[in-house]
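> Build me a model from this:
(2 chains)
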Protein chains: 2
Amino acid sequence: MGMEHPVSLNLRVRGLEHSATLAINQRSSELQALGREIHRLGLGQSPFPVPPSVIASLREHAEVKDYLDVRGLGSLRDSVARFHQRRDGVSISAEQVLVGPGSKELLFLLQLAFYGDILVPTPCWVSYTPQARILGRKVRTIPTRFEDRWQLTPEHFARICDSDRDRHRPRLLVLNYPANPHGLSYTEDELQGLADVARHYGVILLSDEIYGELRFDGDHRSVARYYPEGTIISSGLSKWCGAGGWRLGTFSFPAELRTLRESMTSVASETFTSVSAPIQYAAITAFDFGPEIEGYVSSARDILARLADFCFRRLSNAGIRIHPCEGGFYLFLDFGPIQDALRDRNINDSDTLCERLLEETGVATLPGRRFERPDDELSLRMAFVDFDGEAAMQALAQLGEGGLPADLASPVNEGFVRTHCASVCTAMDKIESWVHEMTSATTGPSRRDVAA
Amino acid sequence: MGMEHPVSLNLRVRGLEHSATLAINQRSSELQALGREIHRLGLGQSPFPVPPSVIASLREHAEVKDYLDVRGLGSLRDSVARFHQRRDGVSISAEQVLVGPGSKELLFLLQLAFYGDILVPTPCWVSYTPQARILGRKVRTIPTRFEDRWQLTPEHFARICDSDRDRHRPRLLVLNYPANPHGLSYTEDELQGLADVARHYGVILLSDEIYGELRFDGDHRSVARYYPEGTIISSGLSKWCGAGGWRLGTFSFPAELRTLRESMTSVASETFTSVSAPIQYAAITAFDFGPEIEGYVSSARDILARLADFCFRRLSNAGIRIHPCEGGFYLFLDFGPIQDALRDRNINDSDTLCERLLEETGVATLPGRRFERPDDELSLRMAFVDFDGEAAMQALAQLGEGGLPADLASPVNEGFVRTHCASVCTAMDKIESWVHEMTSATTGPSRRDVAA
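Prediction:
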């Protein structure tokens, strides 16, 4: 064939970057292979194993080979519906659930099927905008502020809806809480406020609650409580069940959005067909959320809460702007307060910030740019997951009834994370030294010359 | 929200039919639930179990939970590359393989990434055209003829390339052999001829060889032998490994199509991320194709060849136009020779043909229209898979060394399929009676009145 002509490609996919989280993981492996000590705080993967009963269920169903219902196995959809009824107080039936190979794939189908504006507060998860680009759509990003805890305020949301000449444009707002990349969650008042605005302007909400079970205080609330008729809840096995690599996500629709659900189902039947059958059977055990799963999730929260607090205190002390994390396993770091010192070292954007941090300390993170922040904002996301979650859970279990002290700042907690999450703690030491060295250095012209 | 306004949907997905094969399966279940005896020849799912060693491998890897490389697990890609080296005589390395959750999903990504004409000879598999529609593309179908064994001839292919004003339009031709929906395969001469034309016009070939291992004479040839630089080979676990519900497909690219492969990989990283990890580990055992898998595939062929022959003879005798099946588990039936009798009963299109066949005999099939044949062509696809493949394999094993007679028409073979594929055989009896009753009935005006 005419190989002198390069292959003709869709312009929308030309030059698309690989998913940022996957790319950083590969780069970290390369450096590790060169013998460098790398602290892998890039990829946001649960450090915990899949709960034993869920693994047992996969083994038990290894022989299952039939193509399943495109919407998902009926008994799994039942289990997912009951999960949301119980935990989110919404009345969802199996009919209203769609199971996909990851919630990322379901989000892609949603962007494909929905015809309207998609609004995403930033910093946000890395794949919304590339998905829109692939589909030839545009995502409208809404920058939020550190001062607002990186949350979209109801007033801001209303102002945006109101500023369009056509107030009834079809719109879909993506909310994610506890959030990737900052671990913060909305308060009940904020959720109520956002729900009121959404109802007023007829905006559909895609509420990504995949970290919901990992809210440290165990008190996750869904916005669907306040706006059941317009909220799609997204969940899955990847985060609270530690099974990211298994690829199973769920969308739960209100009855009012039946046509949207059916359109997505039609597209699913022409693309992924159905989710891997043995995985679906195993997922029933997870969503049934029996006492073993309950205990597992509770242990995960206990460990993550203490590690998050340790990281928060160390980074705050170093002069980095940061909010305490309320759930999940991310912190979003703003190096703004030390930007002069960074610029003295020719670090003027988040990409360079992360590259230099990786090269000079071995700590792998992801630049704020990937979360739709401005290029020159010196921000990054840290996933504090580089530890053996199984060993940490065993150590916690051995502490017996009392567990770890409720006072997060207790030296017992610090001892625990130092022992069982050593790489993450060392990474904090290294970041602290790195910042300290920079900020204490003379920043006169001679120093600049050296850096340049 | 303004639920009085229906949800705003992408026009490309509005009114999309559910995938035909999935829909027929659900309809069959409904009738079965009503107590009707249904012969399920609609959905094309392997009747055989997943080989025990592959299931054992899934059990062994049930704990694997990490997100894998978006391209697929390295050792699986190695195994797939060796599989094609050995069986198709092409030099493919692990770098050139992309693993997806089913080859259907990979085909969707291909249609999304490639920018050019997509040519598909018909009758063809059901999802090419709906996928194009979802993406706002057009597939160019090329009707083939019964007289050409439903195959695209090199001359016809050349004529189509030549008839375009712009001979160097970017084009991709989809070939599928042994084929869904007719079980026929190209001869070596035909493959060589198609390869020459493709090379001359710079056409990329997507060679869907998912039924290759199920060619009854064991002599499947890939067009990649004749056109390695421009052929993508599609394979997967669904057909020859009996694991349709597991969802794992593979594309193997020539080095020359690197940019296309990389674009598809980028889209994969923003959609399905990676294929379920435990499934990928299990798939290594399948693609390694050891003696157990070899024996399993050989048994499957032996059984399918005899059942295909039985069906072919019965349907031919009934006066239906049909070619013998060379591989896989489909037959494509043309009721053209008895169209007068069908029209007397108000059966004027393939949808009605299949509906009436299902209602009047309990045999579920799929109309020719779904395979991109003209609405008024009285054709349908039959998947002769409604039997317990595991029991049939066990019975075959008990016959010992000699196995079943090589003479397909031997009464021993008929006895075997009557015993072990009883529902399919009964379906043939019923179709034969149905046709006989129609063609022997008086077709005078009085009969027409009754039918109307």
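> May I ask you to confirm that A:Arg369 is in contact with A:Asp375?
Yes - counting by Cβ atoms under 8 Å, A:Arg369 touches A:Asp375, with 5.3 Å between them. Every C-beta, even on glycine, is put in place using the N, C-alpha and C of the backbone.
> where in the stretch 301-450 of chain A is pLDDT low?
Low-confidence segments of the stretch 301-450 of chain A, defined by pLDDT under 70: A:442-450.
> As a check, name the ranges of all helices in it.
In the stretch 301-450 of chain A, the segments counted as helices under DSSP state H, counting those that start in this stretch are A:339-344, A:350-361, A:389-398, A:411-420, A:422-440, A:445-451.
> With B:Gly35 as the reference, name the closest of these.
Nearest to B:Gly35, of all these, is helix A:389-398, at 51.3 Å by Cβ to Cβ.
> quick one, what contacts the closest residue to chain B within the stretch 51-200 of chain A?
For the stretch 51-200 of chain A and chain B, the shortest gap (Cβ to the nearest Cβ) falls at A:Pro170, measuring 3.5 Å. Residues in contact with A:Pro170 (Cβ atoms under 8 Å, 6 or more residues apart in numbering or on different chains) are A:114-117, A:202, A:204, B:7-8.
> mind running it again at 10 Å?
Contacts for A:Pro170 (Cβ atoms under 10 Å, 6 or more residues apart in numbering or on different chains) come out as A:114-118, A:202-204, B:2, B:5, B:7-9.
> Leaving out the residues flanking it, which one is nearest to the spatially most central residue of chain A?
Geometric centre of chain A, nearest residue: A:Asn180, 3.3 Å, by Cα atoms, centre = their mean. Nearest residue to A:Asn180, sequence neighbours excluded (Cβ to Cβ, 6 or more residues apart in numbering or on different chains): A:Trp125, at 5.0 Å.
> That neighbour contacts A:Leu107, correct?
Yes - under the criterion of Cβ atoms under 10 Å, A:Trp125 makes contact with A:Leu107 at 9.1 Å.
> Stretch A:55-72 - what's its average pLDDT?
Across stretch A:55-72, the average pLDDT comes to 96.
> do it and chain B meet?
Yes - using Cβ under 10 Å from any Cβ of the partner chain, stretch A:55-72 reaches chain B at A:55-70.
> centre of the chain versus that stretch, how much separation?
27 Å (Cα atoms, centre = their mean, to the nearest Å).
> Narrow the residues of stretch A:55-72 next to chain B to just the buried residues.
Neighbour counting with 16 or more other Cβ atoms under 10 Å in any protein chain shown marks A:55, A:57-59, A:61-62, A:64-65, A:67-70 as buried within the residues of stretch A:55-72 next to chain B.
> picking up where we left off before, return every residue with contacts to both of A:Trp125 and A:Leu107.
Contacts common to A:Trp125 and A:Leu107, judged by Cβ under 10 Å, 6+ apart, are A:174, A:208.
> Show me the residues of stretch A:55-72 next to chain B that map onto helices.
Residues of the residues of stretch A:55-72 next to chain B located in helices (DSSP state H): A:55-60.
> Can you tell me which of the residues you listed is nearest B:Ala132?
The closest of these to B:Ala132 turns out to be A:Leu58 (Cβ to Cβ; 35.8 Å).
> residues touching that closest one, list them.
Counting by Cβ under 10 Å, 6+ apart, A:Leu58 touches A:50, A:64, A:243, A:246, A:276, A:278-279, A:281-283, A:285, B:58-59, B:61-64, B:276, B:278.
> Now do the same for the residue lying closest to it once chain neighbours are set aside: its pLDDT.
Excluding its sequence neighbours, the residue lying closest to A:Leu58 (Cβ to Cβ, 6+ apart) is A:Ala282, at 3.9 Å. Note on A:Ala282: pLDDT of 98.
> Number of residues surrounding A:Ala282?
30 (other Cβ atoms under 10 Å in any protein chain shown).
> now the angle from the host helix or strand of it to helix B:277-288?
For A:Ala282, the host element (DSSP states H and E) is helix A:277-288. On the basis of axes from the mean of the first three to the mean of the last three Cα atoms, to 10 degrees, helix A:277-288 is oriented at 170 degrees to helix B:277-288.
> Helix A:277-288 - contacts with which helices or strands?
Counting contacts by 3 or more Cβ pairs under 10 Å, 6 or more residues apart in numbering or on different chains; DSSP states H and E, helix A:277-288 packs against helix A:52-60, helix A:74-88, strand A:97-100, strand A:231-236, helix A:291-317, helix B:52-60, helix B:277-288.
> Mind giving me the packing neighbours of the second one?
The reference is to helix A:74-88. strand A:97-100, strand A:231-236, strand A:249-252, helix A:277-288.
> likewise the third one?
Applying 3+ Cβ pairs under 10 Å, 6+ apart, one finds that strand A:97-100 contacts helix A:74-88, helix A:103-113, strand A:231-236, strand A:249-252, helix A:258-269, helix A:277-288.
> Can you tell me how far A:Leu353 is from A:Thr361?
A:Leu353 is 12 Å from A:Thr361, where distance means Cβ to Cβ, to the nearest Å.
> Between those two, which has more neighbouring residues?
A count of neighbours by other Cβ under 10 Å puts A:Leu353 above the other of A:Leu353 and A:Thr361, at 24 against 21.
> Which residue is the nearest non-sequential neighbour of A:Ser316?
Sequence neighbours aside, A:Ile322 is the residue nearest to A:Ser316 in space, at 5.9 Å (criterion: Cβ to Cβ, 6+ apart).
> In this structure the one you found contacts A:Asp309, no?
No - using Cβ under 10 Å, A:Ile322 is not in contact with A:Asp309, being 11.6 Å away.
> ok so, going back, which neighbours do A:Arg369 and A:Asp375 share?
A:349-351.
> By neighbours, which of the residues you listed wins?
A:Ser350 (25 neighbours).
> picking that back up, mind checking which of A:Arg369 and A:Asp375 has more residues around it?
Between A:Arg369 and A:Asp375, counted using other Cβ under 10 Å, the more crowded position is A:Arg369 (21 against 12).
> how much space between the closest residue in space to the more buried one that isn't next to it in sequence and chain B?
Spatial nearest neighbour of A:Arg369, chain neighbours left out: A:Ser350 (4.7 Å); criterion: Cβ to Cβ, 6+ apart. Computed as Cβ to the nearest Cβ, to the nearest Å, the A:Ser350 to chain B distance reads 20 Å.
> Likewise for A:Cys311?
The value you get for A:Cys311 to chain B, if Cβ to the nearest Cβ is used, is 23 Å.
> which residues touch that residue?
Contacts here follow Cβ under 10 Å, 6+ apart; on that basis A:Cys311 touches A:41, A:322, A:324-325, A:331, A:333, A:382, A:384, A:417, A:421, A:424-425, A:427-428, A:431.
> can you pull the pLDDT of the residue of the stretch 51-200 of chain A closest to chain B?
On pLDDT, A:Pro170 comes in at 93.
> How about the one 3 residues further on?
At A:Leu173 the predicted local distance difference test score is 97.
> In three-state terms, label the spatially closest residue to it that is not a sequence neighbour for me.
With sequence-adjacent residues excluded and distances taken as Cβ to Cβ, 6+ apart, A:Leu173 is closest to A:Leu119, at 4.6 Å. Following DSSP: H, G, I helix; E, B strand; the rest coil, we place A:Leu119 in the strand state.
> wait, A:Leu119 sits on A:Ser163?
No - contact between A:Leu119 and A:Ser163 fails when scored by Cβ under 10 Å: they sit 11.9 Å apart.
> on that earlier part again, what is the burial count for the residue nearest to A:Ser316?
A:Ile322 has 22 neighbouring residues, counting by other Cβ under 10 Å.
> what's the answer for the one 10 residues further on, then?
By other Cβ under 10 Å, 25 other residues sit near A:Phe332.
> A:Glu155 too?
The burial count assigned to A:Glu155 is 11, neighbours taken as other Cβ under 10 Å.
> now swap in the one 10 residues further on and tell me
Other residues lying near A:Arg165 total 5 when counted by other Cβ under 10 Å.
> Figure out the helix or strand that it lives in.
A:Arg165 belongs to no helix or strand, assigned by DSSP H and E.
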